[in-house]
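A.B. asks: 3D model of this:
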Amino acid sequence: MNHRRLRHRRRMIAVAVGSAGALAAVLGVGLTSAMATGTSSATPAPTASSSAPSTPWAPENDEAPLGHQKAVRPQTLSAGSKAASALQLKMPAPSGKYSVGMVGLHLVDKSRTDPYVSGSTSRELMVSLWYPATSTSGHYQAPWMPSISGAHFLATRGLSPQLVTLPTTAGHVLAPVNTKLGKLPVLLYSTGLHSDRAMGTALVQDLASRGYLVVTVDHTHDANEVQFPGNRLEVNTMPAGAHSSDTLKVRAADIKFVINKLNTLSTGGNPDVGKATLPVGLTKSVDMSKIGMFGWSLGGAAVDTAMQLDSRIAAGANLDGQFFGTAPSKDLKRPFMLFSSGSHNRNNDSSWRTLWSHLKGYKVDIKLKGAAHLSFSDNEWMVPQEARLLGLSQAQLQQQYGTIDPDRAIAVQRVYLAAFFDQELRKQHSTLLDGSSSKYPEISFVP
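C.D. replies: Residues are numbered from 1 along each chain as shown. Purely as a prediction, here's the structure:
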């Protein structure tokens with residue numbers, strides 16, 4: 001009986017991190033042969049309203065051009081013990097005043113079938129919830145990515161856990177929610193094409209440290225790797241030639257479903273399909289009246305599509321993402337932020353010009369000097385640390401990630417994202433959004 005209880009407890013902790021594979025990392029367990037395989041698909045085709053696909057902010061550029069990327073057969077991977085000389089990656093610590101907690105949930109939408117696999121398989125997602133926490137002692141810090149998906153992620157870059165150790169995050173698994181803050185405003189995050197929800201962690205955990213409940217979503221079979229309970233790995237199976245406008249419809253439906261499950265949480269329910277353990281205080285801390293969304297690249301485009309689909313999203317921010325489909329041509333009366341890299345904006349992206357003319361609520365358009373498209377993802381802090389192993393010169397790094405210092409790029413993004421959502425969800429006006437600031441000269445406002 002005690003052994004059954006121990007196995008149950010281990011599963012609950014594993015799901016809390018995002019999957020059972022995270023527990024494998026703690027216990028030193030290697031990969032199993034049960035991992036699902038898949039093939040990389042062609043980039044979704046832009047719609048007629050998009051600009052040329054060679055533009056740096058187009059979805060096909062959401063993956064870092066590292067020169068080592070290749071198809072991976074999961075059975076060749078190993079998540080065993082790291083070598084003593086493995087490069088230990090480090091990520092920027094949150095800047096807010098609160099400690100951070102984290103829990104992963106496995107959600108199944110029985111009302112939809114997965115459009116990227118054959119048959120009648122229900123759509124399933126892995127999400128992570130990040131929040132201000134208390135009493136973090138005894139709650140270990142979640143890995144940036146669970147062990148099996150992490151090994152797959154590294155292998156696509158020509159790396160391995162024996163060469164590179166992915167970092168831990170600031171998120172303490174299952175730490176109690178800081179209920180003294182009352183109900184927490186909610187932010188949802190969608191990442192780039194074929195990217196992982198982990199790619200927004202530097203921004204996400206910072207917003208959590210400022211008092212937000214932030215939900216990161218992996219769009220299964222669009223993402224290159226998603227790890228589910230039971231050491232199951234699902235990879236990108238998106239069909240070749242899929243249109244970005246169709247991809248965005250799937251993502252918007254994913255987001256609406258996740259918001260529905262957040263409502264289940266807010267009313268005392270547990271939406272996890274396996275009824276995983278929830279952090280103490282979580283069900284009392286979800287403010288369904290204050291929901292925002294942000295995303296990077298195709299995930300940024302998904303913000304507008306999701307807002308058109310679901311009126312519960314009160315404010316949105318797009319980090320350097322090109323828009324697709326009909327959503328940008330529809331009026332939107334809720335607040336919206338456009339946040340672009342140094343070479344991207346309405347002057348050279350017709351989809352941004354179209355959306356801007358249809359934004360009927362508060363709107364702001366800012367540009368980060370010296371930043372590149374990939375600067376708005378966790379690649380910004382990660383790849384420079386891996387540069388020697390990847391064979392990237394300083395000139396190549398600047399070409400792909402811009403000339404701005406990585407730590408500075410992340411710090412500025414954090415401040416302006418928080419200022420926008422503080423203003424729109426918390427009604428705390430920020431003078432940063434009134435115009436240029438001597439403290440942040442890298443930011444310019446596009447009239």
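
A.B. asks: can you point out the buried residues in stretch 166-185?
C.D. replies: Residues 166-167, 169-178, 181, 184-185 are the ones in stretch 166-185 that count as buried (16 or more other CB atoms under 10 Å). (C-beta placed from N, C-alpha, C; glycine too.)

A.B. asks: cool, stretch 331-349 as well?
C.D. replies: For stretch 331-349, by 16+ other CB under 10 Å, it's 332, 334-346, 349.

A.B. asks: now do stretch 106-118
C.D. replies: Neighbour-count burial for stretch 106-118 [16+ other CB under 10 Å]: H106, L107, V108, D109, D114, P115, Y116.

A.B. asks: dump those into CSV; add secondary structure as well.
C.D. replies: Output for those, formatted as CSV (DSSP: H, G, I helix; E, B strand; the rest coil):
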residue, secondary structure
H106, strand
L107, strand
V108, strand
D109, strand
D114, coil
P115, coil
Y116, coil
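
A.B. asks: max pairwise distance over these: which two?
C.D. replies: Greatest spatial distance among those (CB to CB): H106 and P115, at 19.2 Å.

A.B. asks: next, count neighbours for S289.
C.D. replies: Here the number of neighbours of S289 (other CB atoms under 10 Å) works out to 12.

A.B. asks: next one: W144
C.D. replies: 22.

A.B. asks: ditto for S137
C.D. replies: Count around S137 with other CB under 10 Å applied: 8.

A.B. asks: same question for the one 3 residues further on.
C.D. replies: The criterion is other CB under 10 Å. On that basis, Y140 has 16 neighbouring residues.

A.B. asks: give me the distance between the closest residue to it other than its chain neighbours and Y189.
C.D. replies: Nearest non-adjacent residue to Y140, counting by CB to CB, 6 or more residues apart in numbering: V173, 5.8 Å away. Remark: distance between V173 and Y189 (CB to CB, to the nearest Å) = 19 Å.

A.B. asks: average pLDDT across the helix or strand harbouring S245?
C.D. replies: For S245, the element it lies in under DSSP states H and E is helix 244-266. Taken as a whole, helix 244-266 has a mean pLDDT of 98.

A.B. asks: in whatever helix or strand comes next after that helix, what counts as buried?
C.D. replies: With elements assigned by DSSP H and E, the helix or strand that comes after helix 244-266 is strand 286-296. Residues V286, D287, K290, I291, G292, M293, F294, G295, W296 are the ones in strand 286-296 that count as buried (16+ other CB under 10 Å).

A.B. asks: over to stretch 373-387?
C.D. replies: For stretch 373-387, by 16+ other CB under 10 Å, it's 373-387.

A.B. asks: with stretch 309-329 instead?
C.D. replies: In stretch 309-329, the ones that count as buried by 16+ other CB under 10 Å are 309-310, 312-325, 327-328.

A.B. asks: excluding chain neighbours, give the residue nearest to E424 in space.
C.D. replies: A315 is the one closest to E424 (CB to CB, 6+ apart), at 3.9 Å.

A.B. asks: what about the buried residues of stretch 309-329, which are in strands?
C.D. replies: Within these, residues falling in strands by DSSP state E are A315, G316, A317, N318, L319.

A.B. asks: from those residues, which is closest to S147?
C.D. replies: Nearest member of those to S147, counting by CB to CB, is L319, at 28.2 Å.

A.B. asks: and the helix holding S245, what does it pack against?
C.D. replies: strand 99-113, strand 122-133, strand 184-190, strand 213-218, strand 286-296, helix 298-309 (3 or more CB pairs under 8 Å, 6 or more residues apart in numbering; DSSP states H and E).

A.B. asks: just checking, Y116 touches T220?
C.D. replies: Yes. Between Y116 and T220 there is a contact at 7.5 Å, judged by CB atoms under 8 Å.

A.B. asks: check the gap between L265 and S329 for me.
C.D. replies: For L265, the distance to S329 - CB to CB - is 34 Å.

A.B. asks: what does P447 give?
C.D. replies: On the measure of CB to CB, P447 and S329 end up 22 Å apart.

A.B. asks: now for this protein, the helix or strand with the poorest mean pLDDT.
C.D. replies: Sorting the helices and strands of the chain by mean pLDDT, DSSP states H and E puts helix 20-27 at the bottom, at a mean of 29.

A.B. asks: run through the neighbouring helices and strands of whichever helix or strand comes after that helix.
C.D. replies: Once the chain leaves helix 20-27, the next helix or strand it forms, by DSSP H and E, is strand 87-88. Contacts defined by 3+ CB pairs under 8 Å, 6+ apart place strand 87-88 against strand 164-165, helix 379-390.
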